[in-house]
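> model this:
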Amino acid sequence: MIHIRKSQDRGFANHGWLKSFHSFSFAGYYDPKHMGWGNLRVINEDRIAAGTGFGAHPHKDMEIVSYVMDGALSHEDSMGNVQTIQPGEVQRMTAGTGVVHSEHNRAEGKATHFLQIWLQPSGTGLEPGYEQKRFTDAEKTNVLRLVADPQGLQGSVHLNADARMYASLLRPAAGQVVQLTHEIAVGRKCYVFVIDGEVVVAGKKLTSGDALLAENEHALPFESDQTAELLVFDLAA
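Residues are numbered from 1 along each chain as shown. Sure thing, here's the model as predicted:
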């Protein structure tokens, strides 16, 4: 079963300093048909105005992943981490028993564009943790590059959740087509989110902000003759 969630069908919140599209129910946006997919609970596509950000706020019992596409995201938390997340970097924060953190765009005259991703953890009451790694464009070009998983395989970020996250930059040569396939194990779900560009997944054309939700599928074929950036989540059902 394959379902397409178009970009324009997402929830949207405009707070002035923050513009956010919600793939799943979040804060003031509620849709009982879109509460999550497998153990993927939140994908917010956020744009933070320069000089603004999220003040200190708490989280608990959630795996939180940040993926920056443009600008930079400054992060501080109660574990003592003071970091800046740049494009190409993946940050994972295990909220576990409780973490307080803040996120700001300290750049001048430029919005920060990033994805805020929440995954339900493998257990409650985990010890809070933090990890951040960079993945180059070359590593992600015309492949599905594993960037987060439970074992930290292939140099990926370690997730305390039964999920694997892949990033891809599709860059076909002139007149050529890039073709990729993601195999899906029995009993698992997949979620594909297109960050930018256009790609055909399982025969369905997706563009920026679109998502594909797959269940009871053996594989997902990807094909594109244009540039595109996307994330693929392999999820517990």
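
> From now on I want contacts and neighbour counts done on CA atoms only, so please keep to that.
Noted.

> For the residue of the chain most remote from its centre, give me the pLDDT.
The outermost residue of the chain, judged by C-alpha distance from the chain's mean C-alpha position using CA atoms, centre = their mean, is Gly175 at 30.0 Å. The per-residue pLDDT reported for Gly175 equals 91.

> Tell me who's in contact with it.
Under the criterion of CA atoms under 8 Å, 6 or more residues apart in numbering, the neighbours of Gly175 are Asp225.

> Quick check: next helix or strand after the longest strand seen in the chain?
In the chain, ranked by residue count with DSSP state E as the criterion, the top strand is strand 188-201. Sequence order places strand 204-207 as the next helix or strand after strand 188-201, per DSSP states H and E.

> Burial check on Arg41, number of neighbours?
The burial count assigned to Arg41 is 20, neighbours taken as other CA atoms under 10 Å.

> wait, what's in contact with it?
Phe24, Met35, Ile117, Trp118, Leu119, Gln120.

> Double-check that it belongs to a strand.
Yes - secondary structure of Arg41 (DSSP: H, G, I helix; E, B strand; the rest coil): part of a strand.

> Quick check: it vs Pro121, distance?
Arg41 sits 10 Å away from Pro121 when distances are taken as CA to CA, to the nearest Å.

> what do the two both touch?
Common contact partners of Arg41 and Pro121 (CA under 8 Å, 6+ apart): none.

> separation between Val82 and Asp70?
Summarising the geometry, the distance separating Val82 from Asp70, computed by CA to CA, is 19 Å.
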